[in-house]
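Participant: Build me a model:
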Amino acid sequence: MNWINLTNTYELSKIKDDSFQNPQFIFKHSTRCSISKMVLNRFESNNDTASFSAYLLDLLNYRDLSNQIEDDFNVKHESPQLLVINKGECNLCFSHTNINQINIADL
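Facilitator: Now for the predicted structure:
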């Protein structure tokens, strides 16, 4: 899976802008959490992001960016969390094991 690391507010702005062309996906991941790692592994095995823009946010190193996402998109912070950004807004939000049931090609 080819992830784009989300590390700054410029990239977050780009996600918003690009979402007017195609849905954008943000996966918020805690690298110290075994549940988050399990969900990420299952998500990767069930989805191919080659035709999608999929961003990975390392919550331990970029918690301030997670807070910005919470403010910008009015979504409560959770981990792990998958956000679907479309037309500048968060249209869908999944967390924890609910992410495992998602096929992003169907969204």
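
Participant: The residue nearest the centre of the chain: helix or strand, and which one exactly?
Facilitator: Ranked by distance to the mean C-alpha position of the chain (Cα atoms, centre = their mean), the top residue is residue 26 at 1.7 Å. Element membership for residue 26, per DSSP states H and E: strand 24-29.

Participant: Which strands or helices does that strand pack on?
Facilitator: helix 9-18, helix 34-46, strand 53-58, helix 63-73, strand 81-86 (3 or more Cβ pairs under 8 Å, 6 or more residues apart in numbering; DSSP states H and E). All C-beta atoms are positioned from the backbone trio N, CA, C, and that covers glycine.

Participant: quick one: strands adjacent to it?
Facilitator: strand 53-58 (parallel), strand 81-86 (antiparallel) (DSSP bridges).

Participant: Kindly format the C-alpha coordinates of the last one as CSV.
Facilitator: To tie it back to what came earlier, the one meant is strand 81-86. C-alpha atoms of strand 81-86 as CSV (Å, rounded to 0.1, in the frame of the first residue of the first chain):
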residue,chain,number,x,y,z
GLN,A,81,-9.8,6.4,12.7
LEU,A,82,-10.6,6.6,8.9
LEU,A,83,-12.0,9.8,7.5
VAL,A,84,-13.4,10.2,4.1
ILE,A,85,-13.1,13.8,2.9
ASN,A,86,-15.3,14.8,0.0
